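S.K.: starting from these lines, generate the structure:
(one chain, ligands or ions: 1)
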Amino acid sequence: MSFPKGFLWGGATAANQYEGGYLSGGKGLAVADTLTGGDGIHNIPRKFIVELADGTRATFGGRDEIPAGAKAIVDPDTYYPSHVATDFYHHWKEDIALFAEMGCNVYRLSINWTRIFPNGDDETPNEEGLKFYEDVFKECHKYGIEPLVTIYHFDCPLHLANEYDGWVSRHTLEAFERYCDTILTRYKGLVKYWLTINEININTNFMMNGVHEHISNKQNAEQCRWHLFVGSAYAVKKAHEVDPENKVGLMIAHGASYPYSCNPEDVWAEVESAHNMKWFYGDVQVRGYYPAWKVNYLKREGIELKKEPGDDELLREGTVDFYSFSYYSSQAIAAHPEKLGESAGNQTHGVKNPYLQASEWGWTIDPLGLRIVLNEIWDRYQIPTMVVENGLGAIDKVEEDGSINDDYRIDYMRTHIQTMKDAVEIDGVDLMGYTPWGFIDVVSAGTGEMRKRYGFIYVDMDDDGNGDLSRSKKKSFGYIQKVYKSNGEDLD
Ligand code: BGP
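M.R.: Residues are numbered from 1 along each chain as shown. Below you'll find the model as predicted:
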């Protein structure tokens, strides 16, 4: 047997892309609730409507820099995909039953911070929100499904973003610590697997972390990262104090990256890119301190992190139990990319890899890259690892008879699970589990689209909010069920 007994098989979602019920049960607004839809295939970004300091309104792209003092708003005449999303809030029992039928023994979900603290920094938590997740976790246990909970997944409370510049501010970190105290205590015994900050390496911008000036102001970007690291370490330490049985992982977008050629300049460009995009975040959260190159960079740039006494110690004490990551694609990195074409992905922009095909959204499809990444993580850190996101975003066609024949998705899953298996069986990597992304259709984080679907379960909802939200099984549902029920032995 290649996958160990008790291997965690399941799927992953995030509250802001799945839950809906954006103001139900006492929930407050998060930044994600102010993000419109976009169109990824045609490169039209998601947008924010903001009120500027002088009271006028303006629209910005999701990844743009937003001027200091601007406040994102919900415009009554605009469609916001997260408001209903695919409505887990009203379908959770039905959905969890489907996850069980699929053969899942783990379900990765995130808690929406603003369901617990509507403004992020309220004095007391919202009991209705706490109760909602308690019921969800109990329902999971009914079926022998272990919840794996992401504490923070792209859902900075809007109040903290608008009034405090999000994670640039110590105030946001302190509010986050209170939020951690509350959920870790409340769900003791119900949740034992936790992830701290989703894709901590992805961005420091307003969309992810409520930061206005994150490009022109490097100090802001670095201060935001510092607070995220301290917050993550706090969560780990607290989780261990609350219950020594708790196991806590980091969460990094960890695609594979290759030098474009054997020209040492390309090789060095890849080393630098991997440092910046991946290893910095892993090193801090696994080893507990900033690597030398980063310390030197901060000095060179004249950036001085604002720290409080005890922060450095906390970073060392709050190192993670396992290395969990998302894997979708790979990048080829060149020293002189301007001479070559570009390829897209969720991590960084590289250049086109002539050996690989890409998805409709331009994300390269590279199953062997997953084995490479699993090996590099295991070789570097020697702690258990887990693939907590992986999958293919594609346009699905519903046939006359209601069936969805997503063989392209089955191919993607089969080839990726095979390389995971090789990593375990041949390379000896300590892999704990696998939770493919959006195993039920959810709103795309990057583009706000519904048509970019990852699920094995289809949800009737389109890009404009039309659909009855009914659930149906795609062909891939049967495939993944067979894989899970055979503990990864039957991949044909
Ligand atoms: C990761 C996020 C997820 C998710 C996924 C797919 O970056 O953690 O939230 O959405 O990528 O990306 P997208 O939805 O943009 O296709």
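S.K.: show me which residues of the chain sit near the ligand.
M.R.: 14, 17, 198-199, 253, 326, 346, 389, 393, 437, 444-447, 452 (C-beta under 6 Å from any ligand atom). C-beta coordinates here come from the backbone N, C-alpha and C atoms, glycine included.
S.K.: just the ones in strands from those residues, please.
M.R.: Counting by DSSP state E, these place 253, 326, 389 in strands.
S.K.: count of neighbours near the second one?
M.R.: Put plainly, it is Ser326. 22 (other C-beta atoms under 10 Å).
S.K.: surely it meets Thr435?
M.R.: No. Ser326 is beyond contact range of Thr435, at 9.8 Å (criterion: C-beta atoms under 8 Å).
S.K.: find the residues that touch each one of those two.
M.R.: In terms of C-beta atoms under 8 Å, 6 or more residues apart in numbering, Ser326 and Thr435 are both contacted by the residues 387-389.
S.K.: most neighbours out of the residues you listed, which is it?
M.R.: Val388 (30 neighbours).
S.K.: which residue is the nearest non-sequential neighbour of that residue?
M.R.: Take Val388 and drop its neighbours on the chain: the residue closest to it by C-beta to C-beta, 6 or more residues apart in numbering is Ser324, 4.4 Å away.
S.K.: dump the residue contacts of Leu370.
M.R.: 256, 327, 387, 390, 416, 419-420, 423.
S.K.: so which of these belong to strands?
M.R.: Going by DSSP E, the strands hold 256, 387 from those.
S.K.: looking at the contacts of Leu370, which one is closest to Leu23?
M.R.: Asn390 (32.3 Å; C-beta to C-beta).
S.K.: burial count for that closest one?
M.R.: 23.
S.K.: tell me which helix or strand of the chain sits lowest on mean pLDDT?
M.R.: strand 342-343 (a mean of 54; mean pLDDT, DSSP states H and E).
S.K.: show me the contact partners of stretch 208-228.
M.R.: 31, 65-70, 154, 156-158, 160-162, 164-170, 172-173, 197, 199-200, 202-206, 298, 301, 303-307, 311.
S.K.: make it 6 Å
M.R.: 31, 65-66, 68, 154, 156, 160-161, 165-168, 173, 197, 200, 204-205, 301, 303, 305 (C-beta atoms under 6 Å, 6 or more residues apart in numbering).
S.K.: pLDDT of that stretch, averaged?
M.R.: In this model, stretch 208-228 has a mean pLDDT of 97.
S.K.: tell me where the model's unsure across the chain.
M.R.: Regions of the chain meeting the criterion pLDDT under 70 cover residues 1, 341-349.
S.K.: so which residue of it comes closest to the ligand?
M.R.: Gly446 (2.7 Å; C-beta to the nearest ligand atom).
S.K.: just the terminal-to-terminal distance for stretch 8-25.
M.R.: 31 Å (C-alpha to C-alpha, to the nearest Å).
S.K.: and it, how far from the chain's centre?
M.R.: 12 Å (C-alpha atoms, centre = their mean, to the nearest Å).
S.K.: in it, what counts as buried?
M.R.: 8-22 (16 or more other C-beta atoms under 10 Å).
S.K.: element containing Met208, please.
M.R.: Assessed by DSSP states H and E, Met208 sits inside helix 206-209.
S.K.: following element in sequence after that helix, please.
M.R.: helix 218-242.
S.K.: what residues of that following helix count as buried?
M.R.: Buried, per 16+ other C-beta under 10 Å, within helix 218-242: 218-240, 242.
S.K.: list the residues that contact the residue sitting nearest the centre point of the chain.
M.R.: Central residue of the chain (C-alpha atoms, centre = their mean): Asn198, 4.2 Å from the mean position. For Asn198, the contact set (C-beta under 6 Å, 6+ apart) comprises 150, 153, 251.
S.K.: by neighbours, which of those wins?
M.R.: Counting by other C-beta under 10 Å, top hit in the contacts of Asn198: Met251 with 29 neighbours.
S.K.: pretty sure that residue is in a strand, no?
M.R.: Yes. Under DSSP: H, G, I helix; E, B strand; the rest coil, Met251 falls within a strand.
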